[in-house]
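[1] Give me a model of this one.
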Amino acid sequence: MTTSTESVQNTHMSEKLRELHGALIEIVSVMNRPQRDEQMVREAGISLDRALFPLLVAVERLGPIGVVELADRAGRDYTTVSRQVAKLESLDLVERRGSAADRRVREAIISPKGKAMTDRVDVARERIGRAIFERWDEHDFHELVRLMRKFAEDIGGSAGEMQDEGGPQAG
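    Next up is the predicted model:
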């Protein structure tokens, strides 16, 4: 039997989870806008197709990474991502090599030219981020970073469990 206090806490938790989910949808929607990538490319002063930009950054952050995992993380079709990684390779921004763990897998890693490009993106991202957080209290900013890191680690672990159980991945 649940007490009235537990019911209130459950209702409050449900409301807050719904609010959190709404905030995450809003953040992801903004982050996924093509205009956002175009702005970042312009800010960084680089020349790169908008469709290739998030893949280049993902290879730099997550690499070495196989195309299947990269496609999964990007929410794109494997064949599309494979073509786009090949284009990044032709631009000398990434290199592809066989995986040490599984010879059937070809992994993408950032090239020196690609790293120089993502370094410019990082500088632009910091400029934009500083403008967003300039009015934030330093403690609040540090807490946001700490809690987002904690949330990312926890949701990353639970996402795999949901997938194994056949549950939803996002949304």
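[2] Could you check how many residues crowd around I25?
    Counted with other Cβ atoms under 10 Å, the neighbours of I25 add up to 12. (C-beta placed from N, C-alpha, C; glycine too.)
[3] Tell me if I am right that it is in a helix.
    Yes. Counting by DSSP: H, G, I helix; E, B strand; the rest coil, I25 is found in a helix.
[4] Domains of this structure: list them as residue ranges, please.
    Domain assignment of the chain by automatic domain parsing yields the ranges 1-31, 41-164.
[5] Just the mean pLDDT for stretch 55-64, thanks.
    Average pLDDT, stretch 55-64: 95.
[6] Can you give me the buried ones in that stretch?
    Buried residues in stretch 55-64, counting neighbours by 16 or more other Cβ atoms under 10 Å, are found at 55-60, 63-64.
[7] Can you tell me the element the nearest residue to Y78 once chain neighbours are set aside falls in?
    Nearest residue to Y78 in three dimensions, chain neighbours excluded: A71, at 4.5 Å (Cβ to Cβ, 6 or more residues apart in numbering). For A71, the enclosing helix or strand under DSSP states H and E is helix 67-74.
[8] I'd like to know which elements that helix is packed against.
    helix 53-62, helix 78-90, strand 106-110 (3 or more Cβ pairs under 8 Å, 6 or more residues apart in numbering; DSSP states H and E).
[9] now do 6 Å
    Contact analysis of helix 67-74 by 3 or more Cβ pairs under 6 Å, 6 or more residues apart in numbering; DSSP states H and E lists helix 78-90 as its packing neighbours.
[10] What's the first helix or strand after the helix it packs on?
    Next element after helix 78-90 (DSSP H and E): strand 94-98.
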